[in-house]
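Novice: let me see the structure of the following:
(chains A and B)
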Number of protein chains: 2
Amino acid sequence: MTAHEWAKILRVGEGFQLSEVDPRSTPGYSGVKADGKRDLQVGLDELNELQERLFAESRVGVAQDSVLLILQAMDSAGKGGIVRHVVGGVDPQGVALTAFKAPTEEERRHDFLWRIERRLPEPGFIGVFDRSHYEDVLIGRVRSLASAEEIERRYDAINAFEAEVAAAGTRIVKVMLHISPEEQKARLMERLERPDKHWKYNPGDVDERMLWDQYMAAYQTVFERTSTAQAPWHVVPADHKWFARLAVQELLLDALQQIDPQWPAADFDVEAEKKRLAAS
Amino acid sequence: MTAHEWAKILRVGEGFQLSEVDPRSTPGYSGVKADGKRDLQVGLDELNELQERLFAESRVGVAQDSVLLILQAMDSAGKGGIVRHVVGGVDPQGVALTAFKAPTEEERRHDFLWRIERRLPEPGFIGVFDRSHYEDVLIGRVRSLASAEEIERRYDAINAFEAEVAAAGTRIVKVMLHISPEEQKARLMERLERPDKHWKYNPGDVDERMLWDQYMAAYQTVFERTSTAQAPWHVVPADHKWFARLAVQELLLDALQQIDPQWPAADFDVEAEKKRLAAS
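Specialist: Residues are numbered from 1 along each chain as shown, chains lettered A, B, ... in the order given. The predicted structure is shown next:
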């Protein structure tokens, strides 16, 4: 299966229903865990070469492309593992990671997209958003942090914003990691059982968990309103961590393959420089 | 050899002379390349656990410590390889990397430390500076980008600044990667010979290379003026990439071992949360 086929299978298209996606499934992939881990390692080499070409093109100014991976999920769905095991395989010099928390007082004084715009990747970079502006239409809606009219306005504002970002040369890859409430319970319980994981546990996680159905409904609306041609959503079943990591790597590979960056030609006289260097 | 012993051996102390350091040497280490690569892998697990503990402490607010690794070197000495192979082994969620380029117009309108201060690591993070404020007393001096009086002022300003940063809880690890001009020539020649490396070559690199002795003199003065108790310099022989990577990993390990971060205790009732989660 090519990276492009992965992307097509996982993409949220017309008529998509989140409730029909099984978080334990591995769509399009017939391998088991050991295969998935091996394929993740295999993909890393290509990911690294494509990333370096992308970076190289931007350094010498021949292209302005970048990639933006947006990760959204319920707590413990594995965003951190994606950052660690997929993004972490890439040269840190070409990655710009932002973990968005609850907005600060200063951020709340601005439009919800203000803090997002400031963290867009520069040309040549793979930007990664751990949470994003989608929080403002997810927890924002479920917890009624904004009025229904304001939430409505935000979907359109997001689409306009992302269309601009895409037109400026950023390939946007939006991913929802989809876990089951049963799997979440097991993962949160593990955090409670291991003293070295206590710091990752927050009693508020259980409060959010009680609102599972409301969150799923909010995600469904997000998909219907903001899965666009220039910035489509992908739903990645995430009960199997190995599958989710492989799938997100494939989505990154697809984005980079579409850009198809090339090693830039030298903008200096190579033979003359060899002589000058030899004489130095 | 413990990480602390590595740090002591590589530290710039009283009477240090850069000219006496052999860039091909592997001070204190009797292993060869294969040993160095293995030891780098072995050290990674400890580095990751210490980094995660540091991060955990900051998340729950029990400590404000951070680490700042400052990398300086002549072109092609291997800063990028350190970032890729040492820093790249650490969870990206706990790393904040900044590559400082020639200052922008906006940056030049401020004091030279302005842009540096804005990129200091937050509590819990390992900050990495690929080049730094030391450029302002290295190329700044060699290329006479500032007056001799201004360069003099900067050494004191740097010491005052770093003392403040250290007092606020940041352990500063300053590293000069020391290569020989012969090794640099070989590395630059390789960039010229490989089309996939052309983008890394800059004709200006040869111009800087012609000023080698002036740069070494500028480094010597930097060491004499700014290797302080709270922010010592370390000179890492770097003709052997494997040695430089292992040495910098050990310096990071030493900094983290000195902080000695611990898994934070839960600030909630673990048994009560288990019941609440089980019932959810």
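
Novice: please list the residues of the stretch 101-250 of chain A that sit near chain B.
Specialist: A:130, A:185, A:188-189, A:192-193, A:195-196, A:198-201, A:203, A:206, A:209-210 (Cβ under 8 Å from any Cβ of the partner chain). All C-beta spots, glycine's among them, are computed from the backbone N, C-alpha and C.

Novice: for A:Met176, what are its contacts?
Specialist: A:72-73, A:219, A:223, A:233-236 (Cβ atoms under 8 Å, 6 or more residues apart in numbering or on different chains).

Novice: meant to ask about A:Pro92, not that
Specialist: Per Cβ under 8 Å, 6+ apart, neighbours of A:Pro92: B:83-84, B:87-88, B:92, B:95, B:97.

Novice: possible to save those as CSV with pLDDT?
Specialist: Formatted as CSV, the contacts of A:Pro92 follow (pLDDT from 0 to 100):
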residue, pLDDT
B:Val83, 96
B:Arg84, 96
B:Val87, 96
B:Gly88, 95
B:Pro92, 96
B:Val95, 97
B:Leu97, 97
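
Novice: so which of these sit within helices?
Specialist: In helices, defined here by DSSP state H, the members of these are B:83-84.

Novice: narrow the contacts of A:Pro92 to those in strands?
Specialist: Secondary structure from DSSP state E places B:95, B:97 of the contacts of A:Pro92 in strands.

Novice: mind listing the helices in chain A by residue range?
Specialist: Going by DSSP H, chain A shows helices at A:3-10, A:33-59, A:79-85, A:105-108, A:114-117, A:139-142, A:148-167, A:181-193, A:203-209, A:212-226, A:241-259, A:270-278.

Novice: need these in CSV with mean neighbour count, can you?
Specialist: Listed next are those as CSV, based on neighbours: other Cβ atoms under 10 Å in any protein chain shown:
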stretch, mean neighbour count
helix A:3-10, 18
helix A:33-59, 17
helix A:79-85, 21
helix A:105-108, 10
helix A:114-117, 17
helix A:139-142, 19
helix A:148-167, 15
helix A:181-193, 17
helix A:203-209, 15
helix A:212-226, 17
helix A:241-259, 23
helix A:270-278, 14
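
Novice: who wins for proximity to A:Thr26 among the ones you listed?
Specialist: A:Thr26 sits nearest to helix A:241-259 of all the helices of chain A, at 4.7 Å, using Cβ to Cβ.

Novice: name the residues that touch that closest one?
Specialist: A:3-4, A:6-7, A:10, A:26, A:29, A:33, A:36-37, A:39-40, A:43-44, A:46-47, A:50-51, A:54, A:63, A:65, A:67, A:69, A:71, A:77-78, A:81-82, A:85-86, A:126, A:171, A:173, A:175, A:177, A:234, A:236-238.

Novice: low pLDDT regions in the stretch 101-250 of chain A?
Specialist: For the stretch 101-250 of chain A, not a single residue meets the criterion pLDDT under 70.

Novice: and the closest residue to chain B within the stretch 1-150 of chain A, what does it touch?
Specialist: Closest approach between the stretch 1-150 of chain A and chain B, counting by Cβ to the nearest Cβ: A:Ala56, at 4.0 Å. Residues in contact with A:Ala56 (Cβ under 8 Å, 6+ apart) are A:124, A:261, A:263-264, B:199-200.

Novice: closest to A:Leu138 among these?
Specialist: A:Gly124 (30.3 Å).

Novice: check contacts around the closest one.
Specialist: A:54-59, A:65-66, A:94.

Novice: among those, which one has the lowest pLDDT?
Specialist: In terms of pLDDT, A:Arg59 ranks lowest among these, with 91.

Novice: who wins on neighbours among the contacts of A:Ala56?
Specialist: A:Gly124 (24 neighbours; other Cβ atoms under 10 Å in any protein chain shown).

Novice: next, that one: phi, psi?
Specialist: phi 90, psi -10 (degrees, to the nearest 10).

Novice: the residue of the stretch 1-150 of chain A closest to chain B and A:Ile126, how far apart?
Specialist: 14 Å (Cβ to Cβ, to the nearest Å).

Novice: please apply the same query to A:Glu107.
Specialist: From A:Glu107 to A:Ile126 the distance is 24 Å (Cβ to Cβ).

Novice: check A:Ala63 and give its pLDDT.
Specialist: For A:Ala63, pLDDT reads 89.

Novice: A:Val60 too?
Specialist: Value for A:Val60, per-residue pLDDT: 88.

Novice: excluding its backbone neighbours, what's nearest it?
Specialist: Among residues not flanking A:Val60 along the chain, A:Pro264 sits closest, at 4.5 Å (Cβ to Cβ, 6 or more residues apart in numbering or on different chains).

Novice: picking that back up, in a markdown table: the helices of chain A, plus distance to A:Gln17.
Specialist: Below are these laid out as a markdown table (distance: least, Cβ to Cβ, whole Å):
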| stretch | distance to A:Gln17 |
| --- | --- |
| helix A:3-10 | 15 |
| helix A:33-59 | 26 |
| helix A:79-85 | 23 |
| helix A:105-108 | 34 |
| helix A:114-117 | 28 |
| helix A:139-142 | 19 |
| helix A:148-167 | 18 |
| helix A:181-193 | 17 |
| helix A:203-209 | 22 |
| helix A:212-226 | 7 |
| helix A:241-259 | 19 |
| helix A:270-278 | 57 |
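
Novice: out of the ones you listed, nearest to B:Leu113?
Specialist: Among those, helix A:105-108 sits nearest to B:Leu113 (Cβ to Cβ), with 23.3 Å.

Novice: what's next to that closest one, contact-wise?
Specialist: Contacts of helix A:105-108 (Cβ under 8 Å, 6+ apart): A:114-115.

Novice: what about 6 Å?
Specialist: A:Arg115 (Cβ atoms under 6 Å, 6 or more residues apart in numbering or on different chains).

Novice: now it: how far from the chain's centre is it?
Specialist: Distance of helix A:105-108 from its chain centroid, counting by Cα atoms, centre = their mean, to the nearest Å, is 24 Å.

Novice: so what's A:Lys37 closest to, chain neighbours aside?
Specialist: Per Cβ to Cβ, 6+ apart, closest to A:Lys37 is A:Trp242, 5.7 Å.

Novice: just the contacts of A:Met176: which are in strands?
Specialist: A:72-73, A:233-236.

Novice: PyMOL command to pick out the buried ones of those?
Specialist: The following PyMOL line selects those of the ones in strands among the contacts of A:Met176 that are buried, judged by 16 or more other Cβ atoms under 10 Å in any protein chain shown:
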select buried, chain A and resi 72+73+233+234+235+236
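
Novice: TSV for the ones in strands among the contacts of A:Met176, including distance to B:Ala167?
Specialist: Output for the ones in strands among the contacts of A:Met176, formatted as TSV (distance: Cβ to Cβ, whole Å):
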residue	distance to B:Ala167
A:Gln72	40
A:Ala73	39
A:Trp233	47
A:His234	47
A:Val235	49
A:Val236	45
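
Novice: pick out whichever of the ones in strands among the contacts of A:Met176 sits closest to B:Glu273.
Specialist: For the ones in strands among the contacts of A:Met176, the nearest to B:Glu273 is A:Ala73 (21.0 Å; Cβ to Cβ).

Novice: hang on, the closest one packs against A:Val175?
Specialist: No: with contact defined as Cβ atoms under 6 Å, A:Ala73 does not reach A:Val175; the gap is 8.3 Å.

Novice: distance from the chain centre to stretch A:182-197, please.
Specialist: Distance, centroid of stretch A:182-197 to centroid of chain: 24 Å (Cα atoms, centre = their mean).
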